[in-house]
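Student: how would this look folded up:
(4 chains)
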2 protein chains.
Amino acid sequence: MSLPHAILTALLEKPSSGLELTRRFDRSIGYFWSSTHQQIYRELGRLEQSGHIRALPSEVPARGQKKEYEVLPAGRAELTEWVAAREDPKPVRDALLLRMRAAAVVGTAGLRAELERHLALHRRQLEEYRSIEERHFPPERDAEEDRLRHLVLRGGIDMERFWIEWLTQALKELAELEARPAGA
Amino acid sequence: MSLPHAILTALLEKPSSGLELTRRFDRSIGYFWSSTHQQIYRELGRLEQSGHIRALPSEVPARGQKKEYEVLPAGRAELTEWVAAREDPKPVRDALLLRMRAAAVVGTAGLRAELERHLALHRRQLEEYRSIEERHFPPERDAEEDRLRHLVLRGGIDMERFWIEWLTQALKELAELEARPAGA
DNA sequence: CAGGCCATGTAAAAGGTTACATGATTCG
DNA sequence: CGAATCATGTAACCTTTTACATGGCCTG
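Tutor: A predicted model of the protein is given here:
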């Protein structure tokens, strides 16, 4: 429901070709709305069809040739509207919480390694966000755009912190349970 | 990828009919893996086909008749394996963070009301979780199952707290930006 | 016996994932 | 000129969402 909006945002930040967009969906925008090149090309086609974006004129419009897109007024209007739209948060759907609940029924065998693996992944992601924060948002800057983008990044940072804390708790809990096996 | 596992977990906790499962996916299990009755019926069919669950024998196997399912050994084995499986966390895909980023480009008009609405929703969800915590997990209990399920619930609680904090920050930031409009 | 709810489904469309295809450019 | 890489796509499939369909049971 929001991939077109993610693309419009990315293109307003900087007109790009499909592949450039794909790369930015592997970092930047993609930290909050992930996508693949297949989806992106499909959506670029749709957005062009519907008059929200257009391909910048090029001499050689053929397969394998780079095509740059820019946002048209209709696209900007659509995005502006979406920012204020009424749209409920999606219900949580998290496989790891679910697995923990399954473990409560069928046992925790093998779970610890997986929790530790996830913990390491989230620590790495946190480090990445923090390094971006250092590079892009030094204390003195405060242009409007920067403040909002920094806020988004802080959301990512605190989300990772949440997982790190929860996983740490979970591992502690698991250690206690395994210390007195089979029904205390 | 995990709906079948969610259903297996729910059925192990208590054998149920499709509609009973649907109700439990509106609370309980559904707090961490949401689903609708259409998906649930389809998946029950598949799980029965593949020999992971079976319908309890009934006199009147007809449309409109209640059908209860229970988990078979193969289903339990599948779930046990999944608990320890290697499965990476899904990349974040959050519309509100994305909208904030869009707002950095097209402006924040109308955003405040929406943030406040989300804040209220998350506060309500937090209250719901906390009331469940009071009812289901009083301090003295510590059976293995309860400890793990409590851990899952605390995950939900801290997730809501994260959103409440972030939204509070966001509203503060917005107020500051609006206090000195158009490029300060 | 009408209306509402219980209960189980079907169908279609949209969104997302995975695998594969194809032309253009560059570099050794 | 062969291989790698850039760049754009197609196709098939699976999951999720939304809308609708159907029959049974209960209650006034």
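
Student: in chain A, which spans are helices?
Tutor: A:3-13, A:18-24, A:37-49, A:73-84, A:95-106, A:111-136, A:144-179 (DSSP state H).

Student: so which of these comes closest to B:A109?
Tutor: The closest of these to B:A109 is helix A:73-84. By CB to CB, the value is 6.0 Å. The way it works is simple: take the backbone N, C-alpha and C, and place the C-beta from them, glycine included.

Student: Could you see whether chain B lies near the closest one?
Tutor: Yes: shown here: helix A:73-84 in contact with chain B (CB under 8 Å from any CB of the partner chain) through A:76, A:79-80, A:82-84.

Student: Mean neighbour count and mean pLDDT for the helices of chain A - can I get that in CSV?
Tutor: What follows is the helices of chain A, written out as CSV (neighbours: other CB atoms under 10 Å in any protein chain shown; pLDDT from 0 to 100):
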stretch, mean neighbour count, mean pLDDT
helix A:3-13, 23, 97
helix A:18-24, 18, 94
helix A:37-49, 15, 95
helix A:73-84, 18, 97
helix A:95-106, 23, 97
helix A:111-136, 15, 96
helix A:144-179, 18, 95
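
Student: In TSV, list these along with distance to DNA strand C.
Tutor: Shown next, in TSV, are the helices of chain A (distance: least, CB to the nearest atom of the strand, whole Å):
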stretch	distance to DNA strand C
helix A:3-13	4
helix A:18-24	10
helix A:37-49	4
helix A:73-84	12
helix A:95-106	12
helix A:111-136	16
helix A:144-179	18
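
Student: ok, so what distance separates the residue sitting nearest the centre point of chain A from DNA strand C?
Tutor: Central residue of chain A (CA atoms, centre = their mean): A:F32, 2.3 Å from the mean position. Counting by CB to the nearest atom of the strand, to the nearest Å, the gap from A:F32 to DNA strand C is 12 Å.

Student: Do I have it right that that residue meets B:R101?
Tutor: Yes: if you go by CB atoms under 8 Å, A:F32 and B:R101 touch, sitting 6.8 Å apart.

Student: Pull up the overlap in contacts between these two.
Tutor: Shared contacts of A:F32 and B:R101 (CB atoms under 8 Å, 6 or more residues apart in numbering or on different chains): A:V152.

Student: Find the residue closest to the residue nearest to the centre of chain A in space, skipping its chain neighbours.
Tutor: Distances taken as CB to CB, 6 or more residues apart in numbering or on different chains put B:L97 closest to A:F32, at 4.2 Å, once the chain neighbours are dropped.

Student: Now do the contacts for that neighbour.
Tutor: A:32, A:152, A:155-156.

Student: Could you do A:S35 as well?
Tutor: A:3, A:6, A:22, A:25.

Student: 10 Å instead, please
Tutor: Listed by CB atoms under 10 Å, 6 or more residues apart in numbering or on different chains, the contact set of A:S35 reads A:3, A:6-7, A:10, A:21-22, A:24-26, A:29, A:43, B:91, B:93.

Student: Same check on A:E68?
Tutor: The contact partners of A:E68, by CB under 10 Å, 6+ apart, come to A:11, A:15-18, A:20, A:54-58.

Student: Report pLDDT for the closest residue to it other than its chain neighbours.
Tutor: Using CB to CB, 6+ apart and skipping residues adjacent in sequence, the residue nearest A:E68 is A:L56, 4.3 Å away. At A:L56, the model reports a pLDDT of 85.

Student: And for A:L72?
Tutor: So A:L72 comes in at 97 (pLDDT).

Student: That one and A:P15 touch, don't they?
Tutor: No: taking contacts as CB atoms under 10 Å, A:L72 lies outside contact range of A:P15: 11.3 Å.

Student: which residues do these two both contact?
Tutor: Joint contacts of A:L72 and A:P15 (CB under 10 Å, 6+ apart) are A:I53.

Student: Mind checking which of these two has more residues around it?
Tutor: A:L72 (18 against 15; other CB atoms under 10 Å in any protein chain shown).

Student: got the phi/psi numbers for the closest residue to A:A55 other than its chain neighbours?
Tutor: Computed as CB to CB, 6+ apart, the closest residue to A:A55 that is not its neighbour in sequence is A:K67, at 5.0 Å. For A:K67, the backbone dihedrals (degrees, to the nearest 10) come out as phi -130, psi 120.

Student: Look up how far DNA strand D lies from A:K67.
Tutor: Distance from A:K67 to DNA strand D, by CB to the nearest atom of the strand: 4 Å.

Student: now A:L153
Tutor: The gap separating A:L153 from DNA strand D is 26 Å, by CB to the nearest atom of the strand.

Student: Return the distance of that residue relative to B:L97.
Tutor: 9 Å (CB to CB, to the nearest Å).

Student: Can you work out which residues contact both of these two?
Tutor: A:31-32.

Student: Residue numbers of chain A in contact with DNA strand D?
Tutor: Counting by CB under 7 Å from any atom of the strand, chain A comes close to DNA strand D at A:17-20, A:22, A:37-38, A:41-42, A:44-45, A:63-67, A:90, A:93.

Student: mind running it again at 6 Å?
Tutor: Residues of chain A lying close to DNA strand D (CB under 6 Å from any atom of the strand) are A:17-19, A:37-38, A:41, A:63-64, A:66-67.

Student: hmm, which two among the residues you listed are most spread apart?
Tutor: A:Q38 and A:K66 (17.5 Å).

Student: In this structure A:A85 contacts B:A109, no?
Tutor: No: look at A:A85 against B:A109 with CB under 10 Å: they stay out of range, at 11.5 Å.
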